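# take this sequence and fold it.
(2 chains)
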Amino acid sequence: MSDISIPALMGQLLVGLINGSFYALLSLGLAVIFGLLNIINFTHGAQYMMGAFAAYFLLNKLGLNYWWALVIAPLAVGATGMLIERLMLKHLYKLDHLYGLLLTFGLALIIEGIFRNEFGSAGLPYSMPELLSGSFNLGFMFLPKYRAWVIVASLVICLATWFLIERTKLGAYLRAATENPALVQAFGINVPRMITLTYGFGVGLAALAGVFAAPIYQVSPQMGSSLIIVVFAVVVIGGMGSIMGSIVTGFGLGVIEGLTKFFYPEASNTVIFVIMAIVLMFRPQGLFGQR
Amino acid sequence: MSEQAGSPSAAHDPAWEARYHRNTFIAMTLFFIVAPSFIYPVFLMKALCFALFACAFNLLLGFGGLLSFGHAMFLGMAGYTSAHAAKVWGFPPEFAILTGTAMATTLGFLVGLLAIRRQGIYFAMITLAMAQMIFFYCLQAPFTGGEDGIQSVPRGKIFGLLDLHDTLAMYYVVLVIFSAGFLLIFRVIHSPYGQILKAIRENEPRAISLGYRTDRYKLVAFVLSAGLAGLAGATKAIVFQLASLTDVHWSMSGEVVLMTLLGGMGTIFGPVAGAFVIAAMENYLSELGAWVTIAQGVIFVICVLAFRRGIMGELEAFLRRRRK
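Next up, the predicted model:
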């Protein structure tokens, strides 16, 4: 190993933290959806991509800037999610869970196919919001403002979600419905509507991650499909039992991936899958999962 | 999966079922024997390889209740191995195919050991993730040729006798391999082992309470399925003289799920029908580009929402109704 250059190491660590933010946001959405719907949302990657495209359209067609996109894109994509839940997913709750996976996989193919048809496979650029371009000089490295913003904002969103679910009355309803939907419904709570809103919320988180990603990566139709597979591995490693677990696992694995990119770049694509295999050997329910 | 087409409990009539299976098998084989005279043989070979792949997958999903979302890794790795064996090591085709199959079987054992530790949705996610790892390995490993794949693999002479560069000779070899694999799967499903596997699918806790080591049964099913998927992949590489990243990509794992779902999971002949439909769609609609993906997605959605028995499941149900 050659001698370690601190700026390069910090750079990879930063990339790791950015990826970790996306892993955390996406696995959080998957966990929330799975908790209530018992469906693994394979469309999640496509919905992340839709978020990025929504930001692109808002800027280039309607002239609405990044800050508008942060609000509008998750709402719009979340709304399409709710439509999907009402029209299709709700017919599957009584069937084997695997059907939900298959349906959402089919939807992901459709959405990706449509976007690929319209925009080809090449990425579209999305310019950095002006306020966040440039970087801070930390002495030992330059920290791009936008990247710092993504990490901080994702962390805040994750923690707010945790607070919403674990510490508020609405979250208590949600947790109760996860345990026993029939009983919660008997208390007069509209569980089907709650399910729809939950799905919309999870999808909205994915879209928000997409907006965060737009200025960093190119906006392209297949940006979500390989990401979602990594997020699945993250979910297996963390286990979907706990909200905080998803957040910690997401950021943690991002950092590990970043470090691998620095010390042993050949393995950076596979390190998360290897960790998954190791976790399965010793703790099959996942780091934070319950049996 | 809980809702099964033609599950053994419904309309149980073993004599009728045996007759139905025998007659359909004879009709299918006769069709394949004469088919090259009016259907492009190269397409038929592709469809037969996919059919074997889908049958192997169906053994696991339809009869073991385990949804693997990473079966492309067995198809692809076996393809690379057999292509490498034939091209670099100069193996004759029968040994090249065997080497590829052995590779997939070994890989299936290793992945299976890990994957069967979780069930249902987690099982699907784990197999998908493992397959993605294999994909990246194939992308980077020197022997796979990266983006180019392994090209111009020699077909050679099978058993030193029959030159496989003749398309029809190749076709009938593929047909023999497919039929052997198909009959093996049929035999496994109807063996005592297959019955226990079905029992585990229906109610695993009860099978455990009866004293079966369900993990072992599931692992054997996984290894068998992986090995047969590998047989399909190894044959495919020899047929097309090419092993490429397409066969290890996650979309191939999705395709085999689609073939099985469309044809009818848990039916004997469904995966063959599904494989032919999907292969035909890819072959004859290939100029439409991304529309093929969209069409595949639409078929997924329709199958899940309204057509869960699949083509052969519906046909069987229709034949059963008519008998009454």
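# can you name the residue of the stretch 101-250 of chain A nearest to chain B?
residue A:106 (2.6 Å; CB to the nearest CB). C-betas here are computed from N, CA, C, even on glycine.
# got the residues of the stretch 151-300 of chain B near chain A?
Counting by CB under 8 Å from any CB of the partner chain, the stretch 151-300 of chain B comes close to chain A at B:250, B:254, B:257, B:261, B:289-294, B:296-300.
# number of residues surrounding the spatially closest residue to residue B:298 that is not a sequence neighbour?
Of all residues not flanking residue B:298 in the chain, residue A:110 sits nearest, at 6.2 Å (CB to CB, 6 or more residues apart in numbering or on different chains). Using other CB atoms under 10 Å in any protein chain shown, residue A:110 has 20 neighbouring residues.
# what's the offset of the one helix or strand residue B:193 maps to from the middle of its chain?
In this assignment (DSSP states H and E), residue B:193 forms part of helix B:192-202. Relative to the centre of its chain, helix B:192-202 is centred 20 Å away, using CA atoms, centre = their mean, to the nearest Å.
# nearest spatial neighbour of residue B:215, skipping sequence neighbours?
Excluding the flanking residues, the one nearest residue B:215 by CB to CB, 6+ apart is residue B:116, at 5.6 Å.
# and if you look at residue A:105?
residue A:42 (4.2 Å).
# residues contacting the one you found?
Residue A:42 is in contact with A:101, A:104, A:105, A:107, A:108, A:228, counting by CB atoms under 8 Å, 6 or more residues apart in numbering or on different chains.
# using the three-state scheme, assign it.
coil (DSSP: H, G, I helix; E, B strand; the rest coil).
# and residue B:118, backbone torsions?
phi -120, psi 160 (degrees, to the nearest 10).
# now do the same contact list for it.
Applying CB under 8 Å, 6+ apart, the residues near residue B:118 are A:236, A:280, A:284, A:285, B:126.
# can you give me the pLDDT of the last one?
Reading off the confidence values, residue B:126 has pLDDT 93.
# in the stretch 1-150 of chain B, where is pLDDT below threshold?
For the stretch 1-150 of chain B, residues meeting the criterion pLDDT under 70 lie at B:1-12.
# how about the residues of it near chain A?
So far as CB under 8 Å from any CB goes, the stretch 1-150 of chain B lies against chain A at B:1-3, B:67, B:69, B:114-115, B:117-118, B:120-122, B:124-126, B:128-130, B:132-133, B:136-137, B:139-140.
# what's the PyMOL syntax to select whichever of the residues you listed are buried?
Only the buried entries of these go into this PyMOL selection, using 16 or more other CB atoms under 10 Å in any protein chain shown:
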select buried, chain B and resi 1+67+69+114+115+117+118+120+121+122+124+125+126+128+129+130+132+133+136+137
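# which of the residues of the stretch 1-150 of chain B next to chain A fall in strands?
Among those, none falls in strands (DSSP state E).
# helix, strand or coil for the residue nearest to residue B:298?
When classified by three-state DSSP, residue A:110 comes out as helix.
# wait, isn't it in contact with residue B:299?
No: taking contacts as CB atoms under 8 Å, residue A:110 lies outside contact range of residue B:299: 10.1 Å.
# those helices in the chain, which residues are they?
No chain specified, so I'll use chain A. For chain A, the helices defined by DSSP state H cover A:6-37, A:44-60, A:66-87, A:97-119, A:145-167, A:169-179, A:181-186, A:191-213, A:225-238, A:243-263, A:271-282.
# chain B is the one I meant
Remark: helices assigned in chain B by DSSP H are B:14-34, B:41-64, B:72-87, B:93-115, B:120-140, B:167-189, B:192-202, B:204-209, B:214-240, B:250-263, B:270-284, B:290-306, B:310-323.
# number of nearby residues for residue B:142?
The burial count for residue B:142: 6, using other CB under 10 Å.
# separation between residue A:290 and residue A:283?
Distance from residue A:290 to residue A:283, counting by CB to CB, to the nearest Å: 11 Å.
# which one of those two has more residues nearby?
Under the criterion of other CB under 10 Å, the comparison of residue A:290 against residue A:283 puts residue A:283 first, with 14 against 9.
# and the pLDDT at residue B:281?
On the pLDDT scale, residue B:281 is placed at 91.
# how many other residues sit next to it?
Residue B:281 - counted by other CB under 10 Å - has 17 other residues nearby.
# and what of residue B:175?
The tally of other residues near residue B:175 (other CB under 10 Å) stands at 18.
# about what we covered before: okay if I get the helices of chain A as a markdown table plus mean pLDDT?
Below are these laid out as a markdown table (pLDDT from 0 to 100):
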| stretch | mean pLDDT |
| --- | --- |
| helix A:6-37 | 90 |
| helix A:44-60 | 95 |
| helix A:66-87 | 95 |
| helix A:97-119 | 93 |
| helix A:145-167 | 93 |
| helix A:169-179 | 89 |
| helix A:181-186 | 90 |
| helix A:191-213 | 95 |
| helix A:225-238 | 91 |
| helix A:243-263 | 92 |
| helix A:271-282 | 92 |
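# so residue B:222 is in contact with residue B:108, correct?
Yes: the pair residue B:222 and residue B:108 passes the contact test of CB under 8 Å, sitting 5.8 Å apart.
# out of those two, which sits in the more crowded spot?
In this view residue B:222 and residue B:108 are compared by other CB under 10 Å, and residue B:108 has more residues nearby, 30 against 25.
# let me see the contact set for the more buried one.
B:74, B:222, B:223, B:225, B:226, B:227, B:229, B:230.
# that'll do, ta.
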